[in-house]
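A.B. asks: Let me see the structure of the following:
(one chain, ligands or ions: 3)
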Amino acid sequence: MADCSDGMKRRRISVLGSTGSIGTSTVDLLRQITDQIEVRALVGGRNVQLLAEQARELRAEVAVIHDERLYGELKSLLADTGIRVAAGRQAVIEAGGLEADWTMAAITGAAGLEPTLAAARNGHAIALANKEALVCAGDVMLKTVAAAGATLLPVDSEHNAIAQALGGCDMSTVEKIVLTASGGPFRCSSLEEMRIATPEKALKHPTWTMGAKITIDSASMANKGLEVIEAARLFGLTEDRIDVLVHPQSVVHGLVQFRDGSLVAQMGSADMRIPIAHTLAWPTRMDTSCGRLDLAAFGRLDFEKPDEARFVPLRLARQVLRAGGAAPAVFSAANEVAVDAFLNKRIGFLGIGDTIDSALQGMKSNPELQSIDEVLHWDAEGRRLAETYIANASSPIDGITEAALHA
Ligand SMILES: NC(=O)C1=CN([C@@H]2O[C@H](COP(=O)(O)OP(=O)(O)OC[C@H]3O[C@@H](n4cnc5c(N)ncnc54)[C@H](OP(=O)(O)O)[C@@H]3O)[C@@H](O)[C@H]2O)C=CC1
Ligand SMILES: CC(=O)[C@@H](O)[C@H](O)COP(=O)(O)O
Ligand SMILES: [Mn+2]
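C.D. replies: Numbering: from 1, shown residues only. Ligands and ions are numbered 1, 2, ... in the order given. All right, here's what the predicted structure looks like:
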């Protein structure tokens, strides 16, 4: 806690990825409690205007932009404020390492790994949205967190729901957990419809408003695959004790099946400010103005089993979790490359699963990862294998027609 000039103890807060979907939801909550906090670092990728506005409004100590070309613009936008400004990958990692009592880790993908680890080394609370970091780094991240005495607070709605449903109970009381999945925009689509799906269609999530990468992950159910691995790491469970249930209304976010037969669920509106607020106020609760659920208006809640034949990335994620070692890092890296390729119309929608599968099959060995350097090595290897597959595959991958790609 920081001693402020008015004598109050204020919580030091940093937000990595403040300009994104989770980041702006976090800033929205921070706005309500500016008198209780001192904002240390705000970090963005390229949205320099929004980053400068946030830094000015929250009187941040430091504003960091990943894209070095935007340093001059950020500096001039904040010239009259006294806010320190920095740019580039190393500056992002250093911002993560600034001492803060609560750090939101909300940079997308493996790019968020090193800043998140830097924050963990300070031994305070990490609100973890960046699931890819935990998926690729696994034990390396968990050991860093444990060694520093840090606390990992799950932000991902399903994992936050599980943490709430556990209510502090020991994991030995748990039979299994259930992660819900909306099923995404292609829940009821045929394989043929999925084959010709355009990015525009895949970006229309039925229940949540999120960044582009996770929205495509939801459509392919790679998101649920990443979440199964994330849950295994967070709660120390084997793959067979983590179920997925498709629940199109996104009202129930996660359930814990206890050994005595009780099934405890957490529910809430599809608004990420609710789980973020849970981690921000933890171990107490804070007020939010988020929409309250009107269960009568829903009338019914539906649940069904996921179809792993159509949603290949979910099946592959279960496979890599059982395999362990470097496989989850390769899965996540290959998926990042494939999502980017799909969004840029280099591959079709089903090409995402094919690319991940090909990268996994291309692994020459599957060692346990012991250090951050090994994690980064296998992340790069996953990207290389995925890029090679995309470059060499007969174009366009998966039978998507040129007409559909350019529709
Ligand atoms: N959105 C959601 O509801 C949920 C998201 N998550 C997870 O949270 C994370 C963030 O998701 P979301 O907010 O949707 O994503 P967005 O794409 O909306 O935001 C990503 C953020 O990271 C920044 N960023 C991107 N690359 C870099 C980089 N190399 N260095 C520094 N900053 C960078 C972006 O900056 P800029 O925009 O300025 O370029 C932006 O602030 C993901 O891991 C996602 O899986 C989990 C559950 C729900
Ligand atoms: C809000 C959140 O946690 C996302 O991960 C969400 O779950 C995505 O929706 P899907 O359930 O469709 O993957
Ligand atoms: Mn989720």
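A.B. asks: Point out the residues in the protein that sit beside ligand 1.
C.D. replies: Within reach of ligand 1 by Cβ under 6 Å from any ligand atom, the chain has these residues: 17-23, 43-47, 66, 92, 106-108, 111, 129-132, 156, 208, 210-211, 213-214, 272. C-beta: built from backbone N, CA, C; applies to glycine.
A.B. asks: rerun that using 5 Å as the cut-off
C.D. replies: Proximity of the chain to ligand 1, by Cβ under 5 Å from any ligand atom, involves residues 17, 19-23, 44-47, 66, 92, 106-108, 111, 129-130, 156, 210-211, 214, 272.
A.B. asks: Near ligand 2, list only the ones from the residues you listed.
C.D. replies: Applying Cβ under 5 Å from any ligand atom, the subset of the residues of the chain next to ligand 1 adjacent to ligand 2 comprises Asp156.
A.B. asks: now what about stretch 143-150, what contacts it?
C.D. replies: Outside stretch 143-150, the residues within contact range by Cβ atoms under 8 Å, 6 or more residues apart in numbering are Leu117, Ala119, Ala120, Arg121, Asn122, Gly123, His124, Ala125, Ile126, Thr151, Leu152.
A.B. asks: so what's the nearest residue to Leu385 once chain neighbours are set aside up against?
C.D. replies: The shortest distance from Leu385 to any residue other than its chain neighbours is 3.8 Å, reached at Ala359 (Cβ to Cβ, 6 or more residues apart in numbering). Residues in contact with Ala359 (Cβ under 8 Å, 6+ apart) are Val330, Phe331, Ala333, Ala334, Gly382, Leu385, Ala386, Tyr389.
A.B. asks: so which of those residues is the most crowded?
C.D. replies: Taking other Cβ atoms under 10 Å as the neighbour criterion, Ala334 ranks highest of these with 31 neighbours.
A.B. asks: Sort out for me which of the contacts of stretch 143-150 are in helices.
C.D. replies: If you go by DSSP state H, those have Leu117, Ala119, Ala120 in helices.
A.B. asks: By mean pLDDT, flag the weakest helix or strand of this structure.
C.D. replies: Every helix and strand in the chain was compared by mean pLDDT, DSSP states H and E; the lowest is helix 402-405, with a mean of 49.
A.B. asks: Can you name the residue of the stretch 101-250 of the chain nearest ligand 1?
C.D. replies: Gly211 (2.6 Å; Cβ to the nearest ligand atom).
A.B. asks: Next, count neighbours for that residue.
C.D. replies: The burial count for Gly211: 15, using other Cβ under 10 Å.
A.B. asks: My guess is it contacts Ile107. True?
C.D. replies: No. Between Gly211 and Ile107 no contact is recorded; they are 10.4 Å apart, counting by Cβ atoms under 8 Å.
A.B. asks: And the contacts of Ala359, which is closest to Leu343?
C.D. replies: Ala386 (14.1 Å; Cβ to Cβ).
A.B. asks: Quick check: pLDDT value at the residue of the stretch 1-150 of the chain at minimum distance from ligand 3.
C.D. replies: The nearest approach of the stretch 1-150 of the chain to ligand 3 comes at Lys131, 7.5 Å away (Cβ to the ion). What the model reports as pLDDT for Lys131 is 98.
A.B. asks: That one: what's it in contact with?
C.D. replies: Contact partners of Lys131, counting by Cβ under 8 Å, 6+ apart, are Asp156, Leu226, Glu227, Glu230.
A.B. asks: Quick check: strands, which of those residues are part of them?
C.D. replies: Taking DSSP state E as the definition of strands, the contacts of Lys131 contribute nothing to them.
A.B. asks: quick check, nearest of the residues you listed to ligand 2?
C.D. replies: Among those, and counting by Cβ to the nearest ligand atom, the member closest to ligand 2 is Asp156, at 4.8 Å.
A.B. asks: Quick check: phi and psi on the closest one?
C.D. replies: phi -50, psi 130 (degrees, to the nearest 10).
A.B. asks: before we move on, the earlier item: joint contacts of Gly211 and Ile107?
C.D. replies: When contacts are counted by Cβ under 8 Å, 6+ apart, Gly211 and Ile107 have Gly20 as shared neighbours.
A.B. asks: which residues does the closest residue to ligand 1 within the chain contact?
C.D. replies: The chain approaches ligand 1 most closely through Gly20 (1.9 Å), counting by Cβ to the nearest ligand atom. By Cβ under 8 Å, 6+ apart, the contact list for Gly20 reads Gly44, Gly45, Ala106, Ile107, Thr108, Gly211.
A.B. asks: And the nearest residue to Gly17 once chain neighbours are set aside, how close does it get to ligand 2?
C.D. replies: Distance criterion Cβ to Cβ, 6+ apart; nearest residue to Gly17, sequence neighbours excluded, is Ala106 at 3.5 Å. According to Cβ to the nearest ligand atom, to the nearest Å, Ala106 stands 12 Å off from ligand 2.
A.B. asks: In this structure Ala106 contacts Val15, no?
C.D. replies: Yes. Taking contacts as Cβ under 8 Å, Ala106 lies within contact range of Val15: 6.9 Å.
A.B. asks: other SSEs contacting the longest helix seen in the chain?
C.D. replies: Longest helix in the chain, counting residues (DSSP H): helix 372-392. For helix 372-392, the packing partners by 3 or more Cβ pairs under 8 Å, 6 or more residues apart in numbering; DSSP states H and E come out as helix 113-120, helix 131-148, helix 327-343, helix 351-361.
A.B. asks: switch to 7 Å and redo it
C.D. replies: On a contact count with 3 or more Cβ pairs under 7 Å, 6 or more residues apart in numbering; DSSP states H and E, helix 372-392 meets helix 131-148, helix 327-343, helix 351-361.
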